[in-house]
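Q: I'd like to go over a predicted model; first the sequence, then the structure.
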Amino acid sequence: GAVVSQHPSWVICKSGTSVKIECRSLDFQATTMFWYRQFPKQSLMLMATSNEGSKATYEQGVEKDKFLINHASLTLSTLTVTSAHPEDSSFYICSARPGTSMGEQFFGPGTRLTVL
Amino acid sequence: DQQVKQNSPSLSVQEGRISILNCDYTNSMFDYFLWYKKYPAEGPTFLISISSIKDKNEDGRFTVFLNKSAKHLSLHIVPSQPGDSAVYFCAASGVSDKLIFGTGTRLQVFP
């Protein structure tokens, strides 16, 4: 099946620093990847759609200057949380959709970010 | 505005019996629906999907039913197994690739 990886799986950082999270599709190419955020015991909230070779599309209420997305290739998208604050602590999950799929997205294992 | 709702936050079922998880949506433009299973601190795992042109899709122990007029879908798991214990999310998409997730239902299957 389609496999998506994320790195790192968890990260702890100090307030004010920046953190980069990588999302890779390992056995397929993905022109579109998605970044989600999940707070404890809540649903997954779409943050942005990452398009290879073009700018990301952000959902309403998501600060594009704070959550920088780069879709460098057909198998890699990165999310950089800039000037992180404790309220950015969350579980970040990426997904990718193979070009041949009907619509299902395949998810990475997630990254737990804790900002002290 | 929650476009996809799972009104039951939790469900407890005995092993071997049927588990029925429900999901309601409000946007009539949704045309593709999916169910995902999720363990804590892991990404969701795709289970089964259904297009709006169908009203039923079956894959092994999992069956999804879609009632478009009621804007309702359900996931049936039979027979339920202890390994099915997890949080189940329904999701919907329309003309865009975006998935809108429900709030999740925690299923516990006990022996």
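A: The structure has been received and is ready for your questions.

Q: against A:Arg37, how distant is A:Glu59?
A: 10 Å (CB to CB, to the nearest Å). All C-beta spots, glycine's among them, are computed from the backbone N, C-alpha and C.

Q: make that B:Tyr88, sorry
A: For B:Tyr88, the distance to A:Arg37 - CB to CB - is 19 Å.

Q: which of those two has more neighbours?
A: More crowded of B:Tyr88 and A:Arg37, by other CB atoms under 10 Å in any protein chain shown: B:Tyr88, with 23 against 20.

Q: isn't B:Arg17 up against B:Ser80?
A: Yes - using CB atoms under 8 Å, B:Arg17 is in contact with B:Ser80, at 5.7 Å.

Q: okay, these two: which has more neighbours?
A: Set side by side, B:Arg17 and B:Ser80 show more neighbours around B:Ser80, with 23 against 12, by other CB under 10 Å.

Q: list the contacts for the residue nearest to the spatial centre of chain A?
A: When CA atoms, centre = their mean is applied to chain A, the residue found nearest the centroid is A:Trp35 (3.5 Å). Residues in contact with A:Trp35 (CB atoms under 8 Å, 6 or more residues apart in numbering or on different chains) are A:23, A:46-48, A:50, A:67, A:69, A:77, A:79, A:92-94.

Q: got the contact list for the residue of chain A found nearest chain B?
A: In chain A, no residue comes nearer to chain B than A:Phe107, which is 3.5 Å away by CB to the nearest CB. By CB under 8 Å, 6+ apart, the residues touching A:Phe107 are A:4, A:93-95, B:36, B:43-46.

Q: quick one, which of the residues you listed are buried?
A: Buried members of the contacts of A:Phe107, counted by 16 or more other CB atoms under 10 Å in any protein chain shown: A:4, A:93-95, B:36, B:43-44, B:46.

Q: would you list the residues you listed in TSV and tack on secondary structure?
A: Output for the buried ones among the contacts of A:Phe107, formatted as TSV (DSSP: H, G, I helix; E, B strand; the rest coil):
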residue	secondary structure
A:Val4	strand
A:Ile93	strand
A:Cys94	strand
A:Ser95	strand
B:Tyr36	strand
B:Gly43	coil
B:Pro44	coil
B:Phe46	strand
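
Q: what's the closest of these to B:Leu73?
A: B:Tyr36 (13.0 Å; CB to CB).

Q: ok, that closest one touching B:Ala92?
A: No - using CB under 8 Å, B:Tyr36 is not in contact with B:Ala92, being 11.7 Å away.

Q: for chain A, which segments count as strands?
A: According to DSSP state E, chain A carries its strands in the segments A:4-7, A:10-13, A:19-25, A:32-38, A:44-51, A:57-58, A:67-73, A:76-81, A:90-96, A:106-107, A:111-115.
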